[in-house]
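Asker: Sequence and predicted structure are below.
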Amino acid sequence: MRIQHKWIRVVLTVIFGICAFCSVYPLFWMLLNSFKDTSEIMTGSSFGLPSFWKFENYTDALFNRDILKFFLNSVIVTGATLVLTVVSATMLAYALTRMRWKGAGKLNKVVTLGILLPSQIVIVPIFVMLREMHLVNNPMSLILTISAFNIAMATLMACSFMKGIPMEMEEAAVMDGAGIFTILFKIITPIIKPAVATMCINTFINSWNEFIYALVLINGEKYRTLPIALMNYSSGKYGTDYGGMFAAMVITSILPVLLFVFFSNQVEKTFSAGAILK
Amino acid sequence: MKKVLGNKWYIFLLCAPAMLLLIAFVLYPILNIVVMSLQKTDGLTPAKFIGFKNFVQLFTDDGFMRANLASLGLCLLAVICNAILAIAVSILLCTLGPKTQKILRTAFIIPLVLSISVISQLWLTIYHADWGLLNTMLDKIGLGFLQNEWLINPKTAMVCIAIVGMWWMFGMDLLMSYSGIKAIPESYFEAAQLDGAGFWQTVRHITLPLLKDVAKMCVTISAIGGLFTFPQVYIMTGGGPGDLTTTVMMYMYKQAFSNQRYGLAAAVGLVVILETCVVLAVINWLFKKGRSAE
């Protein structure tokens, strides 16, 4: 469907262009400021390029402010969450859609419940439970919690793909004497690759950006993840070094943005698939 | 065949890891939140059963009521400014050329992949009174008299918090309704055009009715997102000025982790769960009413 009048189209494009600019410009501003000296950020022109490019902001943030350590913490937590979520969700989805047993329908409802519930709401009981298990301040607690809240969505994503595979696949494999794990990981998983990609992107973005659980479950410096580490800057413990703070923000955003740049179609699909399953 | 796919042991093995996590971190906490809400716990001394005293305390606390109002306000704002605006934008976006569509869509979606922590810190500096982007921008375009201490001024603080959430989640709603529109067969529009329907008629009689389910999803997700606003408040204002921007999640966080009143915080959680159910029911009812009115 297209609007016929040309000038309406032009006006619309201009209005949306301005909106899109408002949506992107703050990020560009962040990038520029990450190369400026703090005094220039505070007193200089907000819009211009840096008068001199201060790359020390990055090295300072990475090494003196331990952002590198927090980055690695984030990578470890996200990586472990990714593996745990995708593997267990694929297994569950297989049992739910392909195996023959009575409880599958009921179990499916339990999984759906996991999607509807916003994860923050149960933070108090989870915190108390994990503290009794002495898991607070241990990255394990974060990995398990984030996985649990992503499994429901990942399972449904895998289910919707697995339903479409003809049962002859299994029949042939069973004839050849393949076991269940061979069937699942050697035959089915390669077929549902697009679903696995969607699951990975969804889980990656959710766990990389996880805020509230990381805030509550990890309170020492040692295992802190990036989104929480950013708050060191504004808390005034070191005085406010805005240049360094912007650099740290850019470092935090770099992986998700790269993911989006290289796989923008996949990412878009992930977001709309996630929404449809809700 | 049956031997492999009907094997109980295999089924158990495949379900076990995921179900274990779901039971431990989703089902059990939901049940536990009910139990905890009836207890007085500070986490150190053993929990004491105190019946409904937590709820009595909550509903006599003005702060909790104000927090609820703040959250519901954010919820309403998110529905209007995010869901409804995004649907309108995506309908209009679909009338433009494919290249323009792609560029604009990308621009709107980028904030979505960022961490809310980064976004809150970024907007904290944008709202900065002395050198923030907003104030310098206003100064540049000659609206200097509008300059403000955005997050400290009680009149603007709440709106500023809401804008951050909108900027972040707008792409989500846009993407949903956009793919909803793209899923409508092109032939419908062509048929409408052949029958001489104008743009507004096409939107009114073809796009909107077919978009109803997607629209409901947009509204639901925005509403829940608004209701559960937390990181923005935690990072940007800490609930201030006064307790003006304290949302229910912020209230819960303060009760649990600053005051160590876990029982009370669990009660807040339970109230919010019920509140969410009511909001979802209202949305369902509105959409049903819209359908029967047609």
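Answerer: Nice, thanks for sending it over.

Asker: CA atoms for contacts and neighbours, from now on please.
Answerer: OK.

Asker: Can you get me a residue count around the closest residue to B:Val248 other than its chain neighbours?
Answerer: Leaving aside its chain neighbours, B:Val248 sits nearest to B:Ala67 (5.0 Å; criterion: CA to CA, 6 or more residues apart in numbering or on different chains). Per other CA atoms under 10 Å in any protein chain shown, the neighbour tally for B:Ala67 reads 22.

Asker: Return the residues in contact with B:Ala67.
Answerer: Listed by CA atoms under 8 Å, 6 or more residues apart in numbering or on different chains, the contact set of B:Ala67 reads B:244-248, B:251.

Asker: cool, and A:Ile41?
Answerer: A:Ile41 is in contact with A:33, A:242-243, B:131, counting by CA under 8 Å, 6+ apart.

Asker: Go through the contacts of B:Ala67 and say which is closest to chain A.
Answerer: Chain A has its nearest neighbour among the contacts of B:Ala67 in B:Val248, at 10.3 Å by CA to the nearest CA.

Asker: Find the closest residue to chain A in the stretch 101-250 of chain B.
Answerer: Nearest to chain A, among the residues of the stretch 101-250 of chain B, is B:Ser115, at 4.5 Å (CA to the nearest CA).

Asker: Can you lay out the contacts of A:Ile41 as TSV showing neighbour count, pLDDT and distance to B:Ala86?
Answerer: Below are these laid out as TSV (neighbours: other CA atoms under 10 Å in any protein chain shown; pLDDT from 0 to 100; distance: CA to CA, whole Å):
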residue	neighbour count	pLDDT	distance to B:Ala86
A:Asn33	28	88	30
A:Tyr242	22	83	33
A:Gly243	28	85	34
B:Trp131	18	82	31
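
Asker: The most centrally placed residue in chain A and A:Phe211, how far apart?
Answerer: Taking CA atoms, centre = their mean, the centroid of chain A lies closest to A:Ile205, which sits 1.1 Å from it. A:Ile205 is 12 Å from A:Phe211, where distance means CA to CA, to the nearest Å.

Asker: re earlier: contacting residues for the residue nearest to the residue of the stretch 101-250 of chain B closest to chain A when sequence neighbours are not counted?
Answerer: Sequence neighbours aside, A:Asn209 is the residue nearest to B:Ser115 in space, at 4.5 Å (criterion: CA to CA, 6+ apart). By CA under 8 Å, 6+ apart, the residues touching A:Asn209 are A:227, B:114-117.

Asker: between these, which is nearest B:Tyr234?
Answerer: Taking CA to CA as the measure, B:Tyr234 lies nearest B:Ser117 of those, at 9.7 Å.

Asker: residues in contact with the residue lying closest to the closest one once chain neighbours are set aside?
Answerer: Leaving out its chain neighbours, the residue that sits closest to B:Ser117 by CA to CA, 6+ apart is A:Pro227, at 5.4 Å. Taking CA under 8 Å, 6+ apart, we find A:Pro227 in contact with A:209-211, A:252, B:115, B:117-118.

Asker: if we go to 7 Å?
Answerer: With contact taken as CA atoms under 7 Å, 6 or more residues apart in numbering or on different chains, A:Pro227 is in contact with A:209, A:211, B:115, B:117-118.

Asker: Return the distance of the host helix or strand of it from the chain's centre.
Answerer: A:Pro227 belongs to helix A:226-229 when assigned by DSSP states H and E. Relative to the mean C-alpha coordinate of its chain, helix A:226-229 is positioned 14 Å out (CA atoms, centre = their mean, to the nearest Å).

Asker: how about the residues of the stretch 151-294 of chain B near chain A?
Answerer: B:167, B:172, B:175-176, B:189, B:199, B:256, B:262, B:265-266, B:269 (CA under 7 Å from any CA of the partner chain).

Asker: Neighbour-wise, give me the winner out of these.
Answerer: Neighbour counts for these, by other CA under 10 Å, peak at B:Ala265, which reaches 31 neighbours.

Asker: Low-confidence ranges, chain B, go.
Answerer: B:1-4, B:43, B:291-294 (pLDDT under 70).

Asker: now the strands for it?
Answerer: Using DSSP state E, the strands found in chain B span residues B:39-40, B:48-49.

Asker: Any chance of CSV for the contacts of A:Ile41, columns secondary structure and distance to A:Gly105?
Answerer: Below are the contacts of A:Ile41 laid out as CSV (DSSP: H, G, I helix; E, B strand; the rest coil; distance: CA to CA, whole Å):
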residue, secondary structure, distance to A:Gly105
A:Asn33, helix, 53
A:Tyr242, helix, 54
A:Gly243, helix, 54
B:Trp131, coil, 58
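
Asker: Give me the neighbour count for residue 225.
Answerer: Answering for chain A, as no chain was given. Using other CA under 10 Å as the criterion, A:Thr225 is surrounded by 30 other residues.

Asker: was after chain B, sorry
Answerer: When neighbours are defined as other CA under 10 Å, B:Gly225 has 20 of them.
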